[in-house]
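Asks: Fold the following.
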Amino acid sequence: MKNLLIISPYFPPVNAADMQRVRMSIPYFADNGWNAEIVMVDEHYADSGIDPLLLQSILPAIKIHKVKALDKKWTRKLGLGSIALRALPFYRRKVNELLKTGNYDLIYFSTTQFPVCILGSYWKKRFGVPYIIDMQDPWHSDYYKNKPKSQRPKKYWFSYRLNKYLEPIALKNVSGLISVSEKYIADLKARYPEISSVPAAVITFGAFEPDIKIAEAHKNDFPLLLQNGYKNIVYVGRGGNDMEKALTVLFKAFKQALNADKIIFSKLRFYFIGTSYAPAGMGTPTIMPLAKQHGIENYVIEITDRISYYHSLITLQQADGLFIPGSDDPGYTASKIYPYLFVKKPLLAIFNKESSVIAILKEYGSNTVYSYHDVDQNDIISFLKEVVNNTLTKQEYNAEAIKKYSAENMALKQAELFNKVIND
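Replies: A predicted model of the protein is given here:
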């Protein structure tokens, strides 16, 4: 059995998107020859929501080490909010102790809190332990460079320059790469020729079946967010201006349908839930302004506050139809697609034509996934009409695709890369 040390600043009970790969994979690593331990930031220092139910998906045998972080109430005065930066010295100290006393074969960074990854180069040089970085999103990117200031993230000027400085420290000495997108890996290897030959693999997030059982067992614990008396189409996930093209396709089609037959289509309501990463009550709507532009704001409900992971699953189950908008970033792949597939409700997805999501959903057998570049509005209207009339049957997906994209199989693929890295 080989030993794996996973660096994931967010981990249950913290409800953060970037820890989901590890959470869903770790039950299967031992079956593939890897004993995994987690080093997380103590949840008391986290700035994401807490969802205690997530702990039910973690095997008791998994060893979890917790580190401290500088208190945000003090660092905020200096404009320093990142949990990775606040926890950096504590990570260094704790993992130094572990590497001195333990026999670890590999370090695995799986997080979008990328600044912590610079420690990989330090640990590799000091202790000779190789490391892999999981690039779930781009780290240093020019995506927002030419965007209007109103569309850039807060503190973009600072983060852009910090990322440009930190990324090469971590990437130039990396031993292997995992990513949800082939484009992310290609961009990094082009940027850093010294890693052109390191082992790399494109591995999507997996579908984790135990989550449905946990959600079902607690479904009565969650408040109902959807209105009775309407046909509700639901999206749960982040918003953002990069989704405008996909949303525009939907909103234009709905407006056209509404003008043609208001009696039928006025029965629809579109829910966009958890669209902001800001603290509860402080999120800025990014969907409603676009709905107002198209004159359909009375049919759109945007809830910027995030809800718990299992509340999300139950809300998807309660919906009459589901919608997933994609980013205009061609490398973007939505990890959130698997919960949508689990509940087997009528699903409409609109993505950039280069996104891997289109191929994955078609492999599952979904007939209503489109590219916003060339979608026929009549196809969208047809989907909406079928939701209103309740003529779409329960979705049954391809069994081979379900197995292929399961969390268990994705864990196997990660383990195969782990083996390749330490054996090269």
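Asks: and stretch 255-268, how far from the chain's centre?
Replies: 33 Å (Cα atoms, centre = their mean, to the nearest Å).
Asks: To clarify, my last question referred to stretch 354-362.
Replies: 16 Å.
Asks: just stretch 92-105 next, same as before
Replies: Per Cα atoms, centre = their mean, the centroid offset for stretch 92-105 relative to its chain is 29 Å.
Asks: And for stretch 385-404?
Replies: On Cα atoms, centre = their mean, the centre of stretch 385-404 falls 23 Å from the chain's centre.
Asks: Below-threshold pLDDT in the chain: ranges please.
Replies: 73-80, 142-153, 155-158, 160, 334-335 (pLDDT under 70).
Asks: just how off-centre is the longest helix that it contains within its chain?
Replies: Longest helix in the chain by number of residues, with DSSP state H as the criterion: helix 83-101. Counting by Cα atoms, centre = their mean, helix 83-101 is centred 25 Å from the centre of its parent chain.
Asks: go on, stretch 391-405?
Replies: Per Cα atoms, centre = their mean, the centroid offset for stretch 391-405 relative to its chain is 21 Å.
Asks: check contacts around Gly135.
Replies: Rather than Gly, residue 135 is Met. 177-181, 184-185, 188 (Cβ atoms under 8 Å, 6 or more residues apart in numbering). For the C-beta atoms, the positions are set from N, CA and C on the backbone; glycine is no exception.
Asks: Next, it: phi, psi?
Replies: phi -90, psi 80 (degrees, to the nearest 10).
Asks: residues making contact with the biggest strand by length in the chain?
Replies: Longest strand in the chain by number of residues (criterion: DSSP state E): strand 34-41. By Cβ under 8 Å, 6+ apart, the surrounding residues in contact with strand 34-41 are 1-11, 14, 22, 26, 29-30, 62-69, 83, 87, 90-91, 94-95, 98, 415, 418.
Asks: then the helix or strand Leu4 falls within to PDB, C-alphas only?
Replies: For Leu4, the host element (DSSP states H and E) is strand 2-7. The C-alpha coordinates for strand 2-7 follow below in PDB (Å, rounded to 0.1, in the frame of the first residue of the first chain):
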ATOM      1  CA  LYS A   2       1.400   3.400  -1.000                       C
ATOM      2  CA  ASN A   3       0.800   6.600   1.000                       C
ATOM      3  CA  LEU A   4      -0.900   9.700  -0.400                       C
ATOM      4  CA  LEU A   5      -1.000  13.100   1.400                       C
ATOM      5  CA  ILE A   6      -3.900  15.200   0.000                       C
ATOM      6  CA  ILE A   7      -3.800  19.000   0.400                       C
END
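Asks: Next SSE downstream of it?
Replies: helix 20-29.
Asks: Strand 34-41 and that following helix, what's the angle between them?
Replies: 150 degrees (axes from the mean of the first three to the mean of the last three Cα atoms, to 10 degrees).
Asks: Does anything pack onto helix 20-29? Which helices or strands?
Replies: strand 2-7, strand 34-41, helix 407-423 (3 or more Cβ pairs under 8 Å, 6 or more residues apart in numbering; DSSP states H and E).
Asks: one more time with 10 Å
Replies: With contacts defined as 3 or more Cβ pairs under 10 Å, 6 or more residues apart in numbering; DSSP states H and E, the packing partners of helix 20-29 are strand 2-7, strand 34-41, strand 106-110, helix 210-217, helix 337-343, helix 407-423.
Asks: Of these, flag the one that's most buried.
Replies: strand 106-110 (a mean of 25; mean count of other Cβ atoms under 10 Å).
Asks: Describe which strands that one pairs with in its sheet and in which direction.
Replies: strand 2-7 (parallel), strand 131-135 (parallel) (DSSP bridges).
Asks: could you dump the contacts of Met135 to CSV with distance to Arg238?
Replies: CSV is the format used below for these (distance: Cβ to Cβ, whole Å):
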residue, distance to Arg238
Leu177, 24
Ile178, 22
Ser179, 19
Val180, 15
Ser181, 17
Tyr184, 18
Ile185, 23
Leu188, 23
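Asks: Which members of those are the farthest-apart pair?
Replies: Val180 and Leu188 (13.1 Å; Cβ to Cβ).
Asks: picking that back up, which parts of the longest helix of the chain are buried?
Replies: Residues 83-88, 90-92, 94-95, 98-99 are the ones in helix 83-101 that count as buried (16 or more other Cβ atoms under 10 Å).
Asks: by how many degrees do that helix and strand 34-41 diverge?
Replies: 140 degrees.
Asks: Could you name the helices and strands sitting against helix 83-101?
Replies: strand 2-7, strand 34-41, strand 63-67, helix 72-75, strand 106-110, helix 118-127, helix 156-171.
Asks: As CSV, could you dump the C-alpha coordinates of it?
Replies: Listed next in CSV are the C-alpha coordinates belonging to helix 83-101 (Å, rounded to 0.1, in the frame of the first residue of the first chain):
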residue,chain,number,x,y,z
ILE,A,83,-7.8,30.9,2.9
ALA,A,84,-4.8,29.5,1.1
LEU,A,85,-2.7,32.6,1.9
ARG,A,86,-4.0,32.7,5.5
ALA,A,87,-3.2,29.1,6.1
LEU,A,88,0.2,29.0,4.2
PRO,A,89,2.6,29.1,7.2
PHE,A,90,0.5,26.6,9.1
TYR,A,91,0.4,24.2,6.2
ARG,A,92,4.2,24.4,5.9
ARG,A,93,4.7,23.6,9.6
LYS,A,94,2.2,20.8,9.8
VAL,A,95,3.2,19.0,6.6
ASN,A,96,6.9,19.4,7.5
GLU,A,97,6.1,17.4,10.6
LEU,A,98,4.2,14.7,8.7
LEU,A,99,6.9,14.3,6.0
LYS,A,100,9.6,14.0,8.7
THR,A,101,7.9,11.2,10.5
